[in-house]
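# Show me the folded form of this:
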Amino acid sequence: MFLPSVQRDKATLLRVANATSVAEEAEEAEPDFLDPEVAFTFSARLERPDLLIAKWQMTEGYYLYRDRLDFTLNIPNILGQPQLPTGKVKSDPAFGETEVYYHELEVKLPLNNTQGLQNILLDAHYQGCADAGLCYPPITKTALITLPKPEPVVTTPKILPEPNDSATIGLSDLLKSEKSATSEFLKVDQAFVFSAKISEQAQLILQWQIAEGYYLYRNKFKFSLAEGDRMGEPEWPPSETIQDPASDDTVAVYRQPLLEIPIPFHPLENLKTIHLTVEYQGCAEKGLCYPPMTTTVELPVPPMVHPDINTRSKIPTSPILSEQDRIAQILSKNNLFYTLVAFFGFGLLLSLTPCVFPMIPILSSIIVGQGQSVTPYRAFILSLVYILSVSITYSIAGVIAGLFGENLQAMFQAPWVIISFVLIFIALSFSMFGFYELQLPSSLQTRLTLLSHRQQGGTFIGVAIMGFLSALIVGPCVAAPLAGALVYIGQTGNALLGGLALFFMSLGMGVPLLLIGISAGHWLPKAGVWMNQIKAVFGVLLLAIAIWMLERIIPASVTLLLWASLFIISAVYLGALETVPSVSAGLRGAGWRNLLKGFSLILLIYGILLLIGAASGKGHLFQPLQLNRENVEMPTILPFKAIKGLEELNRELAAAKTQGKPVILDFYADWCISCKEMEQFTFADADIQKLLTQAILLRTDVTPNDQQDKTLYQHFDLFAPPVLLFFSPQGEEQRQYRIVGFISAKEFRQHLEGFFAQL
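All right, here's what the predicted structure looks like:
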């Protein structure tokens, strides 16, 4: 009834040749050919427990070849001989006289031995053509068929034996109850029906039909290939979390009727078959857990899966993963000790980022506020309390963000919160200057003095509160390690491991703070005028932190004016406008005073330059005289188109698809310091600007952190900026190229070159 495979292949070549020969005629006539999904509408249904019906509806002018029909099930020895109706004989240029079907086709597929099965997968293979001259490539459709549950067995009432047979009753009832309990559960190969195949897109497709009331553990899957072929990371579908009755832990499981796990796959050259070994474990919700199952299957490798010899060297040994996804894998694959050590190391690296720098003067001012009573031991304890408070806050905020998608740090960037914290810093700095009696009424002065002494004088509760606020308000940065931990928590629901990882990462970030705190306690002078001078220095640093925080909510020119004021006033207090004796006069300390005079003059001059930059509206802190220069060639900064919400993003992706261009989406917020660094140091690079011309640039401002922003975050499993997402011309996100956190111009250039090269 079906053509042999050799004859089929020959017929396919003839059909392709025929399609080529009529190409010019088809082009001249320009018929509107339908999509194969529309030309041949496929469906499948279960007619009765032992009969399956495969059905096609063909549009007028389209037909299916009888000899190209083929059917397979994921479970062997179940499908009987297909029963095909008689078709219409057609004179085909490729096949000659051949049988085809027009309008409608129903194929009866007998089923055998389906007892105990709940679902089966039907693969229907077919091929058709249009009378106008177009022949479609072979098509495969997969249908999930749910089998009916078996009817309950009706038993006759049980007749009790005589009372003197009590011993017999107990033994027989015990045996029957044990047998009944055992028969409640399916066999493991019926509870979890496994199948595997290799797709033409070079993927291993692993499928499990999971019976109702059963589930598979997410962390119990293991995959290996005997031939040493290159297998990438599995593309895990979303899982759900349950309280595991065996261990009382929260675990991720799958219990959907059909579980499919694709795995990228690159076979060795000329390999016809592979041997895949899969290990998995599952349980029944009623309390039975099966032992781990190991299955080895032999799979044929489709010819088109083998890469072309000219492109083989470009195939990576493993798929590219974004940095946060690699970090999420560390959490999912490694033991607890290795994971915590790794995240402590990540924290050490993050301690060198701008997110931690503002905490240095905060902690130092707390220790300096001790005055003459500070000791190295007390400085160590104060530093430790501050760091532990920051670490605990980071961990709790991270777990909440991972589980519920609510970023507490972003919520604390509201203008009223920032202004309140800035006022606290100003009050604390004035107390270090000793100006309360000159600036404020006595009643308010007393309250502020008490508050400042509680915070800076070193009470542990006050230090802990300052650490809590510092973590939420001062440094709301998101880097790849933090994002990886949040992704892991969100995917698995394992808040304990994710929270521990964040805690150890925060401890690593606090190591430099601890060293600085101990050093401050050891080297600070014990008494005299020096102590007042040092306190004044840290008062200036606290004011600098206040201005740095205000940058998030006020215009740049106003910020520059505040920086200029701080520099000029500090220079005046250092004596920039006073005369000093010369070194030759022989006065004690004249050399140091001259050095201080020179430093104060530098501050004064730089403050004046900042004033000029603020007046021009073009300068910034590190380039105050960045004015408009018509005669100087300046790099053109490509604009990012502003979008808001998921709906606008989808509209822009659809527009980019019509242009055939990739899309880069930038998540930005005014309170995100790393976002501004990216703007200033990364995007402004001339080479970067040239590369970015190849893509459509979009930007979403998530400063409001409203519902549209949260929806966009949740759609992409994100938590806070800075983030860059990369989309192919087809509108699909290339997750492996996702960037979270700051990236330098050099690294970003290499990243862009890799992204554009793979399109």
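# OK, contacts around residue 77?
Residue 77 sits next to 112, 113 when contact means C-beta atoms under 8 Å, 6 or more residues apart in numbering. In this view, the C-beta of every residue, glycine as well, is placed from N, C-alpha and C.
# ugh, typo on my part, it should be residue 509
If you count contacts by C-beta under 8 Å, 6+ apart, then residue 509 has 347, 348, 350, 351, 356, 390, 391 around it.
# Now the helix or strand containing it: average pLDDT?
Element membership for residue 509 (DSSP states H and E) is helix 495-523. Averaging pLDDT along helix 495-523 yields 77.
# residues of it that come out buried?
495, 497-510, 512-514, 516-518, 520-521 (16 or more other C-beta atoms under 10 Å).
# Dump the next helix or strand after that helix to PDB, restricted to CA.
Sequence-wise, the next helix or strand downstream of helix 495-523 (DSSP H and E) is helix 529-550. Extracted C-alpha coordinates of helix 529-550, given in PDB (Å, rounded to 0.1, in the frame of the first residue of the first chain):
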ATOM      1  CA  VAL A 529      41.600  69.100  67.200                       C
ATOM      2  CA  TRP A 530      42.400  66.300  64.700                       C
ATOM      3  CA  MET A 531      39.200  64.500  65.700                       C
ATOM      4  CA  ASN A 532      37.000  67.500  64.900                       C
ATOM      5  CA  GLN A 533      38.700  67.900  61.500                       C
ATOM      6  CA  ILE A 534      38.200  64.200  60.600                       C
ATOM      7  CA  LYS A 535      34.600  64.400  61.600                       C
ATOM      8  CA  ALA A 536      34.200  67.400  59.400                       C
ATOM      9  CA  VAL A 537      35.700  65.500  56.400                       C
ATOM     10  CA  PHE A 538      33.100  62.700  56.900                       C
ATOM     11  CA  GLY A 539      30.400  65.300  57.200                       C
ATOM     12  CA  VAL A 540      31.400  66.500  53.700                       C
ATOM     13  CA  LEU A 541      31.300  63.000  52.400                       C
ATOM     14  CA  LEU A 542      27.800  62.500  53.800                       C
ATOM     15  CA  LEU A 543      26.700  65.600  52.000                       C
ATOM     16  CA  ALA A 544      28.300  64.200  48.800                       C
ATOM     17  CA  ILE A 545      26.200  61.000  49.300                       C
ATOM     18  CA  ALA A 546      23.100  63.200  49.700                       C
ATOM     19  CA  ILE A 547      23.800  65.000  46.400                       C
ATOM     20  CA  TRP A 548      24.600  61.700  44.700                       C
ATOM     21  CA  MET A 549      21.200  60.300  45.700                       C
ATOM     22  CA  LEU A 550      19.400  63.500  44.600                       C
END
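# what's the average pLDDT for helix 529-550?
74.
# Residue 427 - that's part of a strand, no?
No - using DSSP: H, G, I helix; E, B strand; the rest coil, the secondary structure at residue 427 is helix, not a strand.
# What's the local residue count around it?
20 (other C-beta atoms under 10 Å).
# how many neighbours does residue 97 have?
The burial count for residue 97: 8, using other C-beta under 10 Å.
# scratch that, residue 665
By other C-beta under 10 Å, neighbour count at residue 665 equals 24.
# Check residue 720 too.
Based on other C-beta under 10 Å, the number of other residues close to residue 720 is 26.
# Does it lie in a helix or a strand, and which?
Per DSSP H and E, there is no helix or strand for residue 720.
# from memory it sits against residue 674, does it?
No - the pair residue 720 / residue 674 is not scored as a contact, 9.9 Å apart, by C-beta atoms under 8 Å.
# what's the angle from the helix or strand hosting residue 566 to helix 529-550?
If you go by DSSP H and E, residue 566 is part of helix 556-573. For helix 556-573 against helix 529-550, the angle by axes from the mean of the first three to the mean of the last three C-alpha atoms, to 10 degrees is 170 degrees.
# quick one: buried residues of helix 556-573?
556, 559-568, 570-571.
# Mind listing residues that contact stretch 553-561?
Residues outside stretch 553-561 that contact it (C-beta under 8 Å, 6+ apart): 415, 418-419, 547, 550-551, 610-611, 613-614, 617, 619-621, 624, 670-671.
# Domain parsing of the chain, as residue ranges.
Domain segmentation of the chain under automatic domain parsing yields 5-146, 188-319, 331-554, 641-757.
# Near residue 80, how many other residues are there?
So residue 80, with other C-beta under 10 Å, has 14 neighbours.
# residue contacts, it?
Residue 80 neighbours (C-beta under 8 Å, 6+ apart): 109, 110, 111, 112.
# Mind checking which of the residues you listed are buried?
Buried by 16+ other C-beta under 10 Å: 109, 111, out of the contacts of residue 80.
# now the angle from the helix holding residue 509 to helix 529-550?
150 degrees.
# what about the closest residue to residue 119 other than its chain neighbours, which helix or strand?
Ranked by C-beta to C-beta, 6 or more residues apart in numbering and with sequence neighbours excluded, the top spatial neighbour of residue 119 is residue 209, at 4.3 Å. Secondary structure from DSSP H and E places residue 209 in strand 203-210.
# How about residue 46?
Residue 46 belongs to strand 40-48, assigned by DSSP H and E.
# quick revisit: for the residue nearest to residue 119, name its beta-bridge partners.
residue 193, residue 258 (DSSP bridges).
# tally of neighbours for the nearest residue in space to residue 260 that is not next to it in sequence?
Take residue 260 and drop its neighbours on the chain: the residue closest to it by C-beta to C-beta, 6+ apart is residue 207, 5.1 Å away. When neighbours are defined as other C-beta under 10 Å, residue 207 has 18 of them.
# ok, residue 207 touching residue 196?
Yes - judged on C-beta under 8 Å, residue 207 makes contact with residue 196 at a distance of 7.1 Å.
# and the gap between residue 89 and residue 673?
76 Å (C-beta to C-beta, to the nearest Å).
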